[in-house]
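> quick one, structure for this:
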Amino acid sequence: MEDEKESRVDQKTKRNQDAFLRIYSQGASIKSAATAAGINRRQVSRWVAGDKFGFTERFDAAQADFKDSLIEMAMNRLQEQKSSDSPLLLITMLNAYIPEKFRPTSASTEEVAKDTIK
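Down below sits the predicted model:
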């Protein structure tokens, strides 16, 4: 009986994780994906910490899926862009979600100070 109850709880946890990850991978924030999946945002942190059902790896994969969709959007927009279109929102999203690839590097404070003194 105890095993059956635990199994039902595990099945519900897995379904909730799957629902959250499906919504999150489409570009929702953690909070909005959690709300849409019917869970509390803190539950996501507990899943990451506990890594039940390999949640951490699946969470990372959902983030990667979203990043890939941004890159696809950027490429499509570049192909369809008119000279009058502003790419500001897209650039902002790329900077926010894929900084290692799209955020310009900045000089360190020490370098700026040295240049200022010159």
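
> burial count for the residue nearest to Arg58 when sequence neighbours are not counted?
With sequence-adjacent residues excluded and distances taken as Cβ to Cβ, 6 or more residues apart in numbering, Arg58 is closest to Leu21, at 5.6 Å. (Glycine included, C-beta is placed from N, CA and C.) By other Cβ atoms under 10 Å, 21 other residues sit near Leu21.

> longest single helix anywhere in the chain?
Assignment by DSSP state H gives helix 55-80 as the longest helix of the chain.

> in the protein, which helix or strand is least confident?
helix 109-117 (a mean of 59; mean pLDDT, DSSP states H and E).

> please state the offset of the longest helix of the chain from the chain centre?
9 Å (Cα atoms, centre = their mean, to the nearest Å).

> report all helices and strands that that helix contacts.
Helix 55-80 is packed against helix 2-24, helix 41-50, helix 88-97, with contacts defined by 3 or more Cβ pairs under 8 Å, 6 or more residues apart in numbering; DSSP states H and E.

> now mean pLDDT and distance to Met75 too, for those helices, in JSON lines please.
Shown next, in JSON lines, are those (pLDDT from 0 to 100; distance: least, Cβ to Cβ, whole Å):
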{"stretch": "helix 2-24", "mean pLDDT": "89", "distance to Met75": "22"}
{"stretch": "helix 41-50", "mean pLDDT": "96", "distance to Met75": "30"}
{"stretch": "helix 88-97", "mean pLDDT": "82", "distance to Met75": "11"}
